[in-house]
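# give the three-dimensional model of this entry:
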Amino acid sequence: MRLVADLTVWFDGACPLCRREIAFMRRLDRRRAITFVDVADGEAACPIDRGELLARFHAAENGDLLSGAAAFAAMWRAIPSLRPLGLAARNPLVLRWLERSYLLFLKGRPRVQRLLSRIGR
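Presented below is the predicted three-dimensional model:
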């Protein structure tokens, strides 16, 4: 039985890295508290510009649109086994550190995507 989702997460289904990450999160989301929306095909409704949505990770929690580390933290809070990480990210210093780490990751993301697409062939 599907519960009403507490959180919406938008992701790039054309990105091999994103697909793996979301598949892992779906396995952890046993309560089905998260609605995952693949925006890669252009068919899904987007709360903001699709290009902007694909450039950074986005989630909506309690009507608030979040991006980057804040969006990841919201997703973690919705999954019981990751909830402590998500709650820790409510601390502004922790969130700032996570956001800086996320920005560093975004710089290397294209290389990781290319590697994963070669492995996936």
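# ok, Val39 touching Val9?
No: between Val39 and Val9 there is no contact under Cβ atoms under 8 Å: 10.3 Å. Every residue, glycine included, has its C-beta placed from N, CA and C.
# these two: who's more crowded?
Between Val39 and Val9, counted using other Cβ atoms under 10 Å, Val9 has the larger neighbour count: 24 against 19.
# tell me the secondary structure for the more buried one?
Classification of Val9 into helix, strand or coil gives strand, according to DSSP: H, G, I helix; E, B strand; the rest coil.
# for the nearest residue to it once chain neighbours are set aside, what is the enclosing helix or strand?
Distances taken as Cβ to Cβ, 6 or more residues apart in numbering put Ala59 closest to Val9, at 4.7 Å, once the chain neighbours are dropped. For Ala59, the host element (DSSP states H and E) is strand 58-61.
# how about the helices of this structure, start to end?
Counting by DSSP state H, residue ranges of the helices within the chain are 16-28, 50-55, 69-78, 83-88, 92-119.
# any chance of CSV for the ones you listed, columns mean neighbour count?
Shown next, in CSV, are the helices of the chain (neighbours: other Cβ atoms under 10 Å):
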stretch, mean neighbour count
helix 16-28, 15
helix 50-55, 14
helix 69-78, 23
helix 83-88, 14
helix 92-119, 12
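# wait, which of these is closest to Gly63?
helix 69-78 (11.8 Å; Cβ to Cβ).
# give me the number of residues near the closest residue to Asp38 other than its chain neighbours?
Distance criterion Cβ to Cβ, 6+ apart; nearest residue to Asp38, sequence neighbours excluded, is Gly13 at 3.5 Å. The number of residues packed near Gly13 is 17, by other Cβ under 10 Å.
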